[in-house]
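K.L.:
next one to model:
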Amino acid sequence: MDILQNVLLAIIVLTSLLSVLLVLLNKGKGGGLSDMFGGGMTQSLNTSGVAQKNLIRLTTATAVVWVLSIAGYALTMRFSEVAV
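P.N.:
Sure, this is the predicted structure:
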């Protein structure tokens with residue numbers, strides 16, 4: 001169980017960092033911190049609609065993997081306590 005918990009914990013850390021990066025790369029919908037820090041940059045990059053949709057899909061998939069990893073980690077912790 002310890003190996004599975006370590007693997008899940010590594011996945012959680014990696015997907016957490018990747019989620020933060022992907023959320024920051026997404027184009028802002030107007031106003032807020034996204035315009036303050038990257039407003040001019042998103043206009044100069046001229047990302048296509050397909051690239052933006054793929055970025056959103058990748059962000060969503062990363063978030064789903066993150067949630068499932070946390071649920072799996074919680075289950076392994078619960079059942080490893082029962083076995084002890």
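
K.L.:
secondary structure element holding the most centrally placed residue in the chain?
P.N.:
With distances taken as C-alpha atoms, centre = their mean, residue 19 lies nearest the centre of the chain, 2.4 Å away. Per DSSP states H and E: residue 19 is located in helix 2-25.

K.L.:
setting aside sequence neighbours, what's the nearest residue to the residue nearest to the centre of the chain?
P.N.:
residue 62 (5.1 Å; C-beta to C-beta, 6 or more residues apart in numbering). In this view, the C-beta of every residue, glycine as well, is placed from N, C-alpha and C.

K.L.:
before we move on, back to that, would you confirm that the residue nearest to the centre of the chain contacts residue 64?
P.N.:
No - counting by C-beta atoms under 8 Å, residue 19 does not reach residue 64; the two are 10.3 Å apart.

K.L.:
what about residue 17, distance to residue 50?
P.N.:
25 Å (C-beta to C-beta, to the nearest Å).

K.L.:
these two: which is more packed in?
P.N.:
residue 17 (11 against 8; other C-beta atoms under 10 Å).
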